[in-house]
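K.L.:
curious how this folds, go ahead:
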Amino acid sequence: MEKSARDLAMPIGDCSSCRYRDSLLIEGSCRPGDTCVAVESGRQIFRFFRRHPELAVNYMADGFWERRAIVAGFIPLQELPKLIDDVDATVRRSVARRIPVMYLSRLMDDPDREVRILVAERLPASRLMKMRFDDDYLVRAMVAKKAPQGTLIHMMHDPDELVRKEIARRLPQGSHVLMINDPSPVVRRSIVRRITDRQAIRLLADADLIVQLEAIARVPVDALKLLDDDPDPDVQQAIARRREAEGKH
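P.N.:
As a prediction, this is how the structure comes out:
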């Protein structure tokens with residue numbers, strides 16, 4: 001019978017030198033090409049440890065990074081701190097997903113941003129602010145999503161627009177006006193929807209048309225006279241519609 005391309009590409013372990021050939025192999029608890037710890041195949045290794053999780057601790061110092069990364073998903077939680085300083089980032093990511101929260105602070109400054117994002121996802125909100133100065137904007141964005149509302153004011157001037165947009169979304173009511181002069185129109189579009197009608201007057205002349213139109217729809221109608229000389233036809237149409245709706249000309 002002719003082998004398929006998949007069969008030809010499937011790595012097959014050498015059972016002749018395997019420590020399990022006289023035990024698991026005979027019992028049918030492992031199978032070359034399918035459930036095998038001896039071959040460099042993530043899929044086969046995962047299947048092996050899924051079936052024999054108690055053996056994972058024997059491979060924590062294995063030379064193959066993917067084997068160690070998979071092992072990190074099966075070893076007892078108390079063993080995970082031993083892999084915190086593993087040289088491979090994929091291993092440390094596996095550790096960050098499972099390690100008890102009390103150890104997460106040891107991974108806060110990990111050189112791999114994916115590890116730090118996982119740490120930020122799992123840390124209690126009360127401990128997150130230590131990561132607000134992280135070099136990576138995605139880590140800081142995760143902090144902005146989870147940090148206590150009362151602490152967000154300390155991140156209003158983050159250099160990244162995505163982070164500040166999240167801050168604007170979550171700031172406590174009444175604090176949004178503090179970001180009214182944010183340099184990003186995307187952030188100001190969020191702010192103008194959350195400030196009071198009178199505070200929105202300050203955005204009537206905003207450089208961004210979307211912000212300006214939102215302000216026109218929000219401010220007290222008497223404030224619209226501030227834009228009587230605005231040359232933009234879209235602005236004048238918005239003013240006319242607003243005045244007509246309010247019954248004032």
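
K.L.:
next, the buried residues of the top helix by length along the chain.
P.N.:
The helix spanning the most residues in the chain, taking DSSP state H as the definition, is helix 233-246. Across helix 233-246, burial judged by 16 or more other C-beta atoms under 10 Å covers 235, 238-239, 242. C-beta: built from backbone N, CA, C; applies to glycine.

K.L.:
got it, and stretch 60-74?
P.N.:
So stretch 60-74, judged by 16+ other C-beta under 10 Å, has buried residues 60, 64, 66-74.

K.L.:
pull up the distance across it, start to finish.
P.N.:
End-to-end distance of stretch 60-74 (C-alpha to C-alpha, to the nearest Å): 10 Å.

K.L.:
please apply the same query to stretch 54-64.
P.N.:
First-to-last residue span, stretch 54-64, C-alpha to C-alpha: 19 Å.

K.L.:
before we move on, what about stretch 58-66?
P.N.:
Distance between the two ends of stretch 58-66: 15 Å, counting by C-alpha to C-alpha.

K.L.:
and for stretch 213-229?
P.N.:
End-to-end span of stretch 213-229 (C-alpha to C-alpha): 15 Å.

K.L.:
state the pLDDT value of the spatially closest residue to Leu123 that is not a sequence neighbour.
P.N.:
Of all residues not flanking Leu123 in the chain, Leu104 sits nearest, at 5.6 Å (C-beta to C-beta, 6 or more residues apart in numbering). Note on Leu104: pLDDT of 97.

K.L.:
now Asp22
P.N.:
Asp22 carries a pLDDT value of 71.

K.L.:
can you count the residues close to it?
P.N.:
A count of neighbours around Asp22, defined by other C-beta atoms under 10 Å, yields 10.

K.L.:
filter the buried residues of stretch 60-74 down to just the ones in helices.
P.N.:
Among the buried residues of stretch 60-74, the members falling in helices (DSSP H) are 66-71.

K.L.:
contact partners for the spatially closest residue to Asp160 that is not a sequence neighbour?
P.N.:
Closest residue in space to Asp160, ignoring its immediate chain neighbours: Tyr137 at 3.9 Å, by C-beta to C-beta, 6+ apart. Applying C-beta atoms under 8 Å, 6 or more residues apart in numbering to Tyr137 gives the contacts 158-160, 162-163.

K.L.:
show me which of those are buried.
P.N.:
Neighbour-count burial (16+ other C-beta under 10 Å) applied to the contacts of Tyr137 gives 158, 162-163.
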